[in-house]
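Chemist: okay, predicted coordinates and the sequence, questions at the end:
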Amino acid sequence: MRKIVVYELLSLDGVAEDPDSFVAAWDEEMDANLGTVIATQDAVVLGRRSYTEWARFWPGSDIQPFADFINGVAKYVATSTPLDGGWARATAFDGGLVDGVRELKRQPGGDIGVHASISVARALLAADVVDELRLVIAPRVAGQGRRLLDGLPAIRLEPIESEMTPTGHLLIGYRVVREHGEAPAS
């Protein structure tokens, strides 16, 4: 079964909204970490807002390694309205987000990424569909903004990696441990 991997940029106080306001520097280790995360993904789940913003930016971007990845990967969008913009390989979920993601997990393929979409990440975490959290924590307190983990039920996590980059960002990976005490298959 495929894994759902949430990748988010956070401030030290857990804010995920507007990461450009708290991620002041991007370094080679952060690039390498992102490259490792996306190397196993062949699909991405986005919320409508992230899709709309990204469909305007990424098709013309040369910021690597993400531009080639996001422009080439299958994109599934949580929305009840038709998609505009004609971004390659983008489709709206037919039905609900959680059911759609569960169906994607049952299909053959690589990991499924959730990038930037706070509401999608929260909904999937609350529904116990996420297998891994990959976080980049900036050395900055944002002070305000939507936090990734607010309003979620208790979730047990098992650390799988951690590293500090030269610019002081923490790269942390966690595996979600299921109720019955077992981590999802890797």
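Modeler: Ah, there it is. Residues are numbered from 1 along each chain as shown.
Chemist: show the pLDDT at Pro184.
Modeler: In this model, Pro184 is scored at 51, pLDDT.
Chemist: what of Trp26?
Modeler: For Trp26, the pLDDT comes out at 93.
Chemist: please, where are all the helices along the protein?
Modeler: Counting by DSSP state H, the segments of the chain that form helices are 28-39, 48-57, 66-72, 97-106, 118-126.
Chemist: so which of those helices gets nearest Thr165?
Modeler: Proximity to Thr165 (C-beta to C-beta) singles out helix 28-39 among the helices of the chain, at 4.1 Å. Where C-beta positions appear, they are placed from N, C-alpha and C, glycine not excepted.
Chemist: which residues sit against that closest one?
Modeler: Here helix 28-39 makes contact (C-beta atoms under 8 Å, 6 or more residues apart in numbering) with 5, 7, 65-66, 69, 113, 134, 136, 163, 165-167, 169, 171.
Chemist: returning to that earlier point: make a markdown table out of the helices of the chain and add mean neighbour count.
Modeler: Below are the helices of the chain laid out as a markdown table (neighbours: other C-beta atoms under 10 Å):
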| stretch | mean neighbour count |
| --- | --- |
| helix 28-39 | 17 |
| helix 48-57 | 17 |
| helix 66-72 | 17 |
| helix 97-106 | 16 |
| helix 118-126 | 21 |
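Chemist: export these to JSON lines and append columns for distance to Thr91.
Modeler: Shown next, in JSON lines, are the helices of the chain (distance: least, C-beta to C-beta, whole Å):
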{"stretch": "helix 28-39", "distance to Thr91": "19"}
{"stretch": "helix 48-57", "distance to Thr91": "11"}
{"stretch": "helix 66-72", "distance to Thr91": "15"}
{"stretch": "helix 97-106", "distance to Thr91": "10"}
{"stretch": "helix 118-126", "distance to Thr91": "15"}
